[in-house]
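Colleague: coords please:
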Amino acid sequence: MPKFSAAARDALGDTRLRRTLRNATGAIRAREAEAAAELDDWEELREAGRAIKDAALLNLDSLLEELERAVTEAGGTVHWAADAAEARAIVTGLVREAGAAEVVKVRSAATQEIGLNGALAAAGVAVRETDLAEMIVQMDGDRGSHVLAPAAHRDRAQVRDLFLREMPGVPRDLGDDPAGLAEAARAHLGERFASARVAVSGVDFMVAETGTMVLLESEGNGRMCLTLPETLITVAGLEQAVPTWRDLEVFLQLLPRSSTGDRMTPCASTWTGVTPGDGPRAFHLVLLDDGRTRALADEVGRAALRCVRCSACLNVCPVYERTGGRPYGATPGPIGAILTPQLRGVGSAHHASLPFASTLCGACADVCPVKIDIPEILVHLRGRVVESRRHRPVPAPELLMMRGIAWTMTDPARYDAALRRGTRWARLLSRGGRIRRLPGLLGKWTDARDLPAPPARSFRHWWGRRP
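Modeller: Numbering: from 1, shown residues only. Got it, this is the predicted structure:
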């Protein structure tokens, strides 16, 4: 992918997209604030969630061994995947072993991260997303734009047109009311559920003491995927483990209020291994590292692994509200801006640009249910990006410019001379008291804004001539 600024250019010019995102995030934001305000101990719950996740991360090695032991004792099979390629190979092999040409799938951030749908398609396996928003995105050949609501950038009229174009058997007089659209999707998915032999899922939490998987969703499609197929494959990040069932008491209050503004999630599914005569005959858990242990070693950055994928940070972010999620890549919003560079490194132009896709306003940290200080990590990662460029054979233009500014500002005489000459040139460039276009690299600043022309006399000049 290109740098964030280049990837976001089309979205910034799409007024319909921006209006849809503004309406969607504004509505969710209001619901979340109202739901949080209902609890007198909301801040104590946030602190408890932070403490539980931090303790789990600091003891992750023993916690995962306990989880593996419990899953195995319950009849499941645990697979360890060091990276995305290994995870894709494991899942593809399990689907082939089951003899399935089609899988049904329930929402999973981990499978999006590793690009599983494309790998299964390349292996000749059809993937059917069953979450309504994910299904819309898949039908449209698009990329999700929101952690919780991947189709938040599409309005109802666009969804209706998509169903009429891509969904067989849809009534030609289908309207754009939510109930009618949901009914059309329900009828379309019914046959998929009935015939599916393999399902792929994600999880929200994994309880180490019992080997139990926990998935929260609101449509019921998850429960269909978890119970009807013969084989269930779950892909989860290492950081999603929590020690005990009691810990869920905290997260089952935090997550619904921070994600949808609900007091509780309509469907909370839990499953532990396999049970003869009930549910899938085989359960496979794929535990994904893919850079997580590297992030865990970073004392500042590891806080990003507390994330419970609630999407609260997206709904308050002024950058996300104007660009949508696609410019971020697999994980959108502020959490993607700190998580992706840690998992993937900052070697590519796209990943290196993500920590700079923020105003550092701090709204994301204020609403995070597990108190991730996203601005602090963004600044930390910006430092890492700058440091990675410092030793290149050919310095980046920005680095050369900053070195020149540093050389100028470390000497009063040089600084004063540069200030006088800069002021003179800036006033020549101004029209009507505004500078609408700066030359060279500085021109990127004026691509989106004007600058006021500097005054004829600087403060230093005025101060030096006071009696």
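Colleague: Am I right that L287 sits in a helix?
Modeller: No: under DSSP: H, G, I helix; E, B strand; the rest coil, L287 falls outside any helix and is assigned strand.
Colleague: In contact with it, which residues are there?
Modeller: Contacts of L287 were listed using Cβ atoms under 8 Å, 6 or more residues apart in numbering, and they are 64, 68, 78-81, 236-238. (C-beta placed from N, C-alpha, C; glycine too.)
Colleague: measure it to N221 for me?
Modeller: 24 Å (Cβ to Cβ, to the nearest Å).
Colleague: same check, this time on I52
Modeller: Distance of I52 to N221, computed by Cβ to Cβ: 28 Å.
Colleague: who has more neighbours, these two?
Modeller: Neighbour comparison, I52 and N221: the larger count goes to N221, with 25 against 20 (by other Cβ atoms under 10 Å).
Colleague: Tell me the confidence at the closest residue to the more buried one other than its chain neighbours?
Modeller: The shortest distance from N221 to any non-neighbouring residue, by Cβ to Cβ, 6 or more residues apart in numbering, is to T130 (4.0 Å). On the pLDDT scale, T130 is placed at 88.
Colleague: what residues are up against the nearest residue to V104 once chain neighbours are set aside?
Modeller: For V104, ignoring the flanking residues on the chain, the nearest one in space by Cβ to Cβ, 6+ apart is A196 at 4.3 Å. By Cβ under 8 Å, 6+ apart, A196 lies in contact with 100, 102-104, 128, 225, 228-229.
Colleague: Which of those residues fall in strands?
Modeller: Judged by DSSP state E, strands contain the following of the contacts of A196: 102-104, 128.
Colleague: Would you mind checking the residues you listed for buried ones?
Modeller: Neighbour-count burial within the ones in strands among the contacts of A196 applies to 103-104, 128; the criterion is 16 or more other Cβ atoms under 10 Å.
Colleague: In a markdown table: those, plus distance to C364.
Modeller: Output for these, formatted as a markdown table (distance: Cβ to Cβ, whole Å):
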| residue | distance to C364 |
| --- | --- |
| V103 | 34 |
| V104 | 33 |
| R128 | 33 |
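Colleague: Show me which residues of stretch 212-222 are buried.
Modeller: Result for stretch 212-222 [16+ other Cβ under 10 Å]: buried residues 212-219, 221-222.
Colleague: And the contacts of that stretch?
Modeller: In contact with stretch 212-222 (Cβ under 8 Å, 6+ apart) are residues 70, 106-107, 130-132, 189, 201-207, 223, 226, 234, 236, 245, 248, 252, 255-256, 260, 262, 265-272, 285.
Colleague: now, which of those residues lie within strands?
Modeller: Filtering those for strands - DSSP E - leaves 201, 205-207, 234, 236, 267-272, 285.
Colleague: which stretches of the stretch 301-450 of the chain form helices?
Modeller: Counting by DSSP state H, counting those that start in this stretch, the stretch 301-450 of the chain has helices at residues 312-316, 318-323, 333-344, 349-353, 363-367, 374-390, 397-409, 412-429.
Colleague: Could I get the average pLDDT for the longest one?
Modeller: So that's helix 412-429. In the prediction, helix 412-429 has an average pLDDT of 85.
Colleague: Next, the angle from it to helix 397-409.
Modeller: Going by axes from the mean of the first three to the mean of the last three Cα atoms, to 10 degrees, helix 412-429 is angled at 120 degrees with respect to helix 397-409.
Colleague: in helix 412-429, what's buried?
Modeller: Result for helix 412-429 [16+ other Cβ under 10 Å]: buried residues 418-419, 423.
Colleague: Now do the strands in the stretch 1-150 of the chain.
Modeller: Assigned by DSSP state E, counting those that start in this stretch, the stretch 1-150 of the chain shows strands spanning 77-81, 102-105, 126-129.
Colleague: which residues does V203 contact?
Modeller: Neighbouring residues of V203 by Cβ under 8 Å, 6+ apart: 213-215, 234, 236, 240.
Colleague: What of A101?
Modeller: 124-126.
Colleague: Name the surrounding residues that touch stretch 257-265.
Modeller: So stretch 257-265 is in contact with 28, 30-36, 38-39, 42, 148, 216-218, 252, 255-256, 308-312, 367-369, going by Cβ under 8 Å, 6+ apart.
Colleague: So which helix or strand of this structure has the lowest pLDDT on average?
Modeller: Within the chain, confidence by mean pLDDT, DSSP states H and E is lowest for helix 459-464 among all helices and strands, at a mean of 81.
Colleague: Return that one as PDB; C-alpha atoms alone will do.
Modeller: Extracted C-alpha coordinates of helix 459-464, given in PDB (Å, rounded to 0.1, in the frame of the first residue of the first chain):
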ATOM      1  CA  PHE A 459       9.200  39.800  17.600                       C
ATOM      2  CA  ARG A 460      13.000  39.600  18.000                       C
ATOM      3  CA  HIS A 461      13.500  42.700  15.900                       C
ATOM      4  CA  TRP A 462      10.800  44.600  17.800                       C
ATOM      5  CA  TRP A 463      12.200  43.500  21.200                       C
ATOM      6  CA  GLY A 464      15.800  44.400  20.300                       C
END
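Colleague: and the chain, what are its domains?
Modeller: Domain segmentation of the chain under automatic domain parsing yields 1-38+304-391, 42-290, 399-464.
Colleague: To D298, which of those domains lies closest?
Modeller: For D298, the closest of the domains of the chain is domain 1-38+304-391, at 6.7 Å, according to Cβ to Cβ.
Colleague: just how off-centre is the closest one within its chain?
Modeller: The chain centroid and the centroid of domain 1-38+304-391 are separated by 7 Å, computed with Cα atoms, centre = their mean, to the nearest Å.
Colleague: What's the end-to-end length of that domain?
Modeller: Domain 1-38+304-391 has an end-to-end distance of 24 Å (criterion: Cα to Cα, to the nearest Å).
Colleague: thinking again about what came up before, buried deepest among the helices of the stretch 301-450 of the chain, which one?
Modeller: Highest mean neighbour count among the helices of the stretch 301-450 of the chain (mean count of other Cβ atoms under 10 Å): helix 312-316, with a mean of 29.
Colleague: Determine the set of other helices and strands touching it.
Modeller: For helix 312-316, the packing partners by 3 or more Cβ pairs under 8 Å, 6 or more residues apart in numbering; DSSP states H and E come out as helix 15-37, helix 333-344, helix 363-367.
Colleague: so what does the longest one touch, helix or strand wise?
Modeller: Packing contacts for helix 15-37, counted by 3+ Cβ pairs under 8 Å, 6+ apart, involve helix 9-12, helix 248-259, helix 312-316, helix 318-323.
Colleague: Just send these back as JSON lines, with distance to T359 and mean pLDDT too.
Modeller: Below are the helices and strands packed on helix 15-37 laid out as JSON lines (distance: least, Cβ to Cβ, whole Å; pLDDT from 0 to 100):
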{"stretch": "helix 9-12", "distance to T359": "15", "mean pLDDT": "88"}
{"stretch": "helix 248-259", "distance to T359": "21", "mean pLDDT": "95"}
{"stretch": "helix 312-316", "distance to T359": "11", "mean pLDDT": "94"}
{"stretch": "helix 318-323", "distance to T359": "6", "mean pLDDT": "93"}
